[in-house]
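Visitor: below are the sequence and a predicted model; questions follow.
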There are 2 protein chains.
Amino acid sequence: MAESSTRTVERALVLLGAVCGAGSITLADAARGTGLSASTALRLLRTLESTGFVRRDGDGSYRPGLRVVQLGAQALGQESLVSLAEPALERLVGQTGESAYLSVPSHDGQGVYLAMREGTHSVRHASWVGRSIPLDGTAVGAVLAGAAGPDGFVVVRDGVEADVTAVAAPVSPGGRVVAAISVVVPSYRITATEARRLGALVAREAEDLLAHIPAGPLGQDLTGEPA
Amino acid sequence: MAESSTRTVERALVLLGAVCGAGSITLADAARGTGLSASTALRLLRTLESTGFVRRDGDGSYRPGLRVVQLGAQALGQESLVSLAEPALERLVGQTGESAYLSVPSHDGQGVYLAMREGTHSVRHASWVGRSIPLDGTAVGAVLAGAAGPDGFVVVRDGVEADVTAVAAPVSPGGRVVAAISVVVPSYRITATEARRLGALVAREAEDLLAHIPAGPLGQDLTGEPA
DNA sequence: AAGGACGTTTCAATAAGTGAAATACAGGAC
DNA sequence: GTCCTGTATTTCACTTATTGAAACGTCCTT
């Protein structure tokens, strides 16, 4: 892990995160939220603005700019794990009709959705790519935290999301969990026995994905820790 | 437009762009490409790494990190224009079977794809979100440059992309082009007359989208210029 | 009216950032 | 084997880039 760092850059990146997280934020709130003085925050936000990473509304609040969309999409497009997982997600959707997800551990110790395939039964239409996943109370979180047992999957019924059963399985080249495959079903549509059967299916797809991961870079997780 | 700026932050953001653009880059190439000394580039890349924006492979090269994916996806998810355009894109795909796109002008004077709906006939499966569009030789580029005439659309047959006909129409609240709706068809599947008919269809959808744009923030384009 | 919050500008102070130089390592050519 | 080139990394003297407190203007609430 890198040691030396550049304070000014860190501050600007934290501000960028605040803007993207909030969607729209005033200078005062951005400064307060990041612990910077108003003049420092203003200057850093102006830099982010002049480089396209944030933009400013007519009412003065800051919003994400196109540049961060662009770089994020480029980064996602270059993520081999996403394309490697597409067949598995497609098959899961095809076999279950439910929405399937690929998630990875994030830098801050949580998880992040990286890809999704919507189920034919799905009532969700918003993209979940980029969203954080809490480690507690979610099947994905448990899997990323290493809690998948000998079954090779985790079932969480009515966890942080009410009325939903989530089933997840780890992708673990070299023994370290670098990703999770998961499927989400409304609980009214699945019994405990069916959830276990789905778990086996998801685990099999995770194994298949693992078999397609070449040794080398993909053995690392996206936070940069080597396998 | 913002005046004052922070050199150190600008440099780091340029480096981030270089990493995301290249997908994988060595320190030496990143330093060379940005005109920084190797030690400066190293320190800035280390900051980007420690904050999750880039990660480092076992072979030492730098790649985009999860944080930029995350923020980019958050930013995209909060872009109202994208959700407002979804019905138009869906209808175009439904009526034509071809892939439909939403694009916006970018900070560097080109265009960027912001949303796409894949056609049922489509042979493309990669996401185009975040990709740049040259202004020359593309229907979208012409539209974003203001070249749509009284027809309200532009047709480019076999432009920068061989064997493809692209049709685009502007979305122009307050008279300024803030986005383009476009459809792409393999040229073998469409005559010039059909392309004009498709153009009228795309122009109608752009008009419909325009009618759904509330006055205010969406009147600005994503580079931050007010309408 | 007063008070508070916001956004913006100014500028003295300093420490944060810089890059040249040195070093170690790897790979290729001879 | 030696030599050369290129890479990544560390060091540190130097300076300038960055900071934040203070001042100011605007707006809103009481």
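Guide: Looks like it came in fine.
Visitor: what helices or strands is the longest helix seen in chain A leaning on?
Guide: Longest helix in chain A, counting residues (DSSP state H): helix A:192-212. Packing partners of helix A:192-212 (3 or more C-beta pairs under 8 Å, 6 or more residues apart in numbering or on different chains; DSSP states H and E): helix A:80-96, strand A:154-157, strand A:164-171, strand A:179-186. Every C-beta, even on glycine, is put in place using the N, C-alpha and C of the backbone.
Visitor: how about the ones you listed in a markdown table, adding mean pLDDT, distance to residue B:22 and mean neighbour count?
Guide: Converted to a markdown table, those look like this (pLDDT from 0 to 100; distance: least, C-beta to C-beta, whole Å; neighbours: other C-beta atoms under 10 Å in any protein chain shown):
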| stretch | mean pLDDT | distance to residue B:22 | mean neighbour count |
| --- | --- | --- | --- |
| helix A:80-96 | 91 | 15 | 18 |
| strand A:154-157 | 94 | 37 | 20 |
| strand A:164-171 | 94 | 26 | 27 |
| strand A:179-186 | 94 | 24 | 26 |
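Visitor: which parts of chain A sit against DNA strand C?
Guide: Residues of chain A lying near DNA strand C by C-beta under 7 Å from any atom of the strand: A:6-9, A:26-29, A:31, A:38-39, A:42, A:60-61.
Visitor: so what touches the longest helix of chain A?
Guide: A:84-85, A:88, A:91-92, A:95-96, A:151-155, A:157, A:165, A:167-173, A:179-183, A:185, A:190 (C-beta atoms under 8 Å, 6 or more residues apart in numbering or on different chains).
Visitor: ok, residue A:102 - contacts?
Guide: Contacts of residue A:102 (C-beta under 8 Å, 6+ apart): A:81, A:82, A:85, A:89, A:113, A:114, A:115, A:116, A:179, A:180, A:181.
Visitor: could you measure from the last one over to residue A:92?
Guide: When you say that, I think you mean residue A:181. Distance, residue A:181 to residue A:92, by C-beta to C-beta, to the nearest Å: 7 Å.
Visitor: now, which of the contacts of residue A:102 sits nearest residue A:130?
Guide: Residue A:130 has its nearest neighbour among the contacts of residue A:102 in residue A:113, at 6.7 Å by C-beta to C-beta.
Visitor: the helix or strand hosting the closest one versus strand A:164-171: what angle between them?
Guide: Following DSSP states H and E, one finds residue A:113 within strand A:111-117. Taking axes from the mean of the first three to the mean of the last three C-alpha atoms, to 10 degrees, strand A:111-117 and strand A:164-171 form an angle of 100 degrees between their directions.
Visitor: okay, now residue A:175: neighbour count?
Guide: Counted with other C-beta atoms under 10 Å in any protein chain shown, the neighbours of residue A:175 add up to 7.
Visitor: for residue A:80, see how far away it is.
Guide: 20 Å.
Visitor: follow-up on the earlier one: which of the helices and strands packed on helix A:192-212 sits closest to residue B:19?
Guide: Minimum separation from residue B:19 across those (C-beta to C-beta) falls at helix A:80-96, 15.6 Å.
Visitor: ok, then the element right after that closest one?
Guide: Using DSSP H and E, the helix or strand that directly follows helix A:80-96 along the chain is strand A:99-105.
Visitor: partner strands of that following strand, parallel or antiparallel?
Guide: Strand partners for strand A:99-105, identified by DSSP bridges, are recorded as strand A:111-117 (antiparallel), strand A:179-186 (antiparallel).
Visitor: quick check: mean pLDDT of it?
Guide: In this model, strand A:99-105 carries a mean pLDDT of 93.
Visitor: and residue A:42, what does it touch?
Guide: Residue A:42 sits in contact with A:27, A:31, where contact means C-beta under 8 Å, 6+ apart.
Visitor: what's the pLDDT at it?
Guide: Note for residue A:42: predicted pLDDT of 95.
Visitor: and for the one 3 residues further on?
Guide: Per-residue pLDDT puts residue A:45 at 96.
Visitor: name the surrounding residues that touch the one helix or strand in chain A whose mean pLDDT sits lowest.
Guide: Taking mean pLDDT, DSSP states H and E as the measure, chain A has strand A:132-133 as its least confident helix or strand, at a mean of 87. Applying C-beta under 8 Å, 6+ apart, the contact partners of strand A:132-133 are A:103, A:106, A:110, A:111, A:112, A:113, A:140, A:141, A:144, B:70.
Visitor: list the contacts of the fifth one.
Guide: I take that to be residue A:112. Residue A:112 sits in contact with A:103, A:104, A:105, A:106, A:130, A:131, A:132, A:133, B:66, B:69, B:70, where contact means C-beta under 8 Å, 6+ apart.
Visitor: rewinding a little: any idea of the mean pLDDT in the longest helix of chain A?
Guide: For helix A:192-212, the mean pLDDT works out to 94.
Visitor: quick one, what contacts residue A:68?
Guide: By C-beta under 8 Å, 6+ apart, the contact list for residue A:68 reads A:16, A:20, A:53, A:54, B:68, B:71, B:72, B:75.
Visitor: ok, now how distant is the residue nearest to residue A:147 when sequence neighbours are not counted from residue A:93?
Guide: Using C-beta to C-beta, 6 or more residues apart in numbering or on different chains and skipping the chain neighbours, the partner closest in space to residue A:147 is residue A:154 (6.2 Å). Distance, residue A:154 to residue A:93, using C-beta to C-beta: 20 Å.
Visitor: kindly report the same for residue A:14.
Guide: 37 Å.
Visitor: possible to save the strands paired with strand A:99-105 as TSV with distance to DNA strand D?
Guide: Shown next, in TSV, are the strands paired with strand A:99-105 (distance: least, C-beta to the nearest atom of the strand, whole Å):
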stretch	distance to DNA strand D
strand A:111-117	26
strand A:179-186	26
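Visitor: got those strands as a markdown table, with distance to residue A:47 columns?
Guide: Formatted as a markdown table, the strands paired with strand A:99-105 follow (distance: least, C-beta to C-beta, whole Å):
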| stretch | distance to residue A:47 |
| --- | --- |
| strand A:111-117 | 26 |
| strand A:179-186 | 34 |
